[in-house]
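J.: below is the sequence, then the predicted model.
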Amino acid sequence: MSATSRRTALVVEDDPQTSDAIQEELATAFRVECANSTPAAIARLQRGAPDLLLIDCSLAGDRISELVAHVDRTRTGMVLLSCNPELVPLLFALVGCAAVHKPLATDRLWAAIDNALQG
């Protein structure tokens, strides 16, 4: 698959190490873009929908519903990331998408991505 035909992933994460690790992990399957703030992510979403959106919930905070409102859930798979494992089931119930707690294990991350992309 050529670089131009690869699917796009947008990673919304303010921790550079986590963002870099996710970008490195996804780079073989996705063209990865990163946003380090909710406003930057919204601006990126307004330019077009990625195939996959990974959101750090602590970064999005109370603006997560605003961020999610910019996503066409029929086109974009979404995975929420949280440092609080107790928050993961609540996020799933609230937003209705895959959620993974940090630190990220690659098998859990890919399982969540596969689930999110299957719609």
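T.: Great, that's in hand. What you see is a predicted model; the values in this text were computed from it and never measured.

J.: make it CA atoms for all contacts and neighbour counts henceforth
T.: OK.

J.: the helices in this protein, which residues?
T.: Remark: helices assigned in the chain by DSSP state H are 16-26, 38-46, 57-60, 64-69, 87-95, 106-118.

J.: neighbouring contacts of the third one?
T.: This means helix 57-60. Contact partners of helix 57-60, identified using Cα atoms under 8 Å, 6 or more residues apart in numbering, comprise 12-14, 37-38, 64, 67, 80-83.

J.: do that again at 10 Å, thanks
T.: 12-15, 36-39, 41, 63-64, 66-68, 79-84, 87-88, 91, 99, 101 (Cα atoms under 10 Å, 6 or more residues apart in numbering).

J.: among those, name the buried ones.
T.: 12-14, 36, 38, 41, 64, 67-68, 79-82, 87-88, 91, 99, 101 (16 or more other Cα atoms under 10 Å).

J.: deepest of the helices of the chain, which one?
T.: With neighbours defined as mean count of other Cα atoms under 10 Å, the helices of the chain peak in mean count at helix 57-60, which reaches a mean of 20.

J.: now find how far off-centre that helix is within its chain.
T.: 11 Å (Cα atoms, centre = their mean, to the nearest Å).

J.: can we start the residue count at 691 from this point?
T.: Sounds good: first residue 691 from here, last item helix 747-750.

J.: output that helix as PDB, nothing but the C-alphas.
T.: Only the C-alpha atoms of helix 747-750 are listed here, as PDB (Å, rounded to 0.1, in the frame of the first residue of the first chain):
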ATOM      1  CA  CYS A 747      -9.200  11.800  27.800                       C
ATOM      2  CA  SER A 748      -7.300  13.800  30.300                       C
ATOM      3  CA  LEU A 749      -6.200  16.200  27.600                       C
ATOM      4  CA  ALA A 750      -9.700  16.600  26.200                       C
END
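
J.: perfect, that will be all.
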